[in-house]
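Novice: For reference, the sequence and a predicted model appear below.
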Amino acid sequence: MAQHDAKDSSRLVYSTASGRMCPECGKSSAQCICRKKAPVAAGSGKVRIMREMRSGKSVTVIRGMALDADALTVLGKQLRTACGAGGTVKDGAIEVQGDHCDKVIALLQARNIPAKRAGG
């Protein structure tokens, strides 16, 4: 059996006083400075709009946006409002409930963002 470093095996991951702890800096998630310093993984810049099925319902997914997390959240809110639908932003993709591919493409092209439909 391999020996583990005492520091690795005894790190704090949760505290009842402050909640989840960052594994990198050891501070609470709210006070963590590691994630704020880390660069946001930007998309490829090739924006692809596709329709996927989630739990038997259509979802329009926008991937490849070369934006930081805050700008992606704002754009997601604007697209959901324009489509009159709910949705979310997760894993660097904007999800809009329903089949709104054509409308999303038109909205993005009006903002001079080249977008293509993917996946038939």
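Specialist: Yep, that arrived. Numbering: from 1, shown residues only.

Novice: Ile113 touches Lys46, doesn't it?
Specialist: No. Counting by CB atoms under 8 Å, Ile113 does not reach Lys46; the two are 10.9 Å apart. In this view, the C-beta of every residue, glycine as well, is placed from N, C-alpha and C.

Novice: These two: who's more crowded?
Specialist: Ile113 (16 against 13; other CB atoms under 10 Å).

Novice: What is the distance between whatever helix or strand Leu75 lives in and the centre of its chain?
Specialist: Using DSSP states H and E, Leu75 sits within helix 69-83. How far helix 69-83 lies from its chain's middle: 11 Å, per CA atoms, centre = their mean, to the nearest Å.

Novice: moving C-terminal of it, what's the next helix or strand?
Specialist: strand 87-90.

Novice: Which elements pack onto that following strand?
Specialist: helix 69-83, strand 93-97 (3 or more CB pairs under 8 Å, 6 or more residues apart in numbering; DSSP states H and E).

Novice: residues making contact with the last one?
Specialist: So that's strand 93-97. 57-63, 65, 72, 75-76, 79-80, 83, 85-89, 104 (CB atoms under 8 Å, 6 or more residues apart in numbering).

Novice: Filter those down to the buried ones, ChimeraX style.
Specialist: Applying 16 or more other CB atoms under 10 Å to the contacts of strand 93-97 leaves a buried subset, and the ChimeraX line that selects it is:
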select :59,60,61,62,63,65,72,75,76,79,80,83,85,87,89,104
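
Novice: So if we follow the domain assignment, how does the chain break up?
Specialist: Domain ranges of the chain: 6-37, 47-117, per automatic domain parsing.

Novice: most tightly surrounded among those domains?
Specialist: domain 47-117 (a mean of 16; mean count of other CB atoms under 10 Å).
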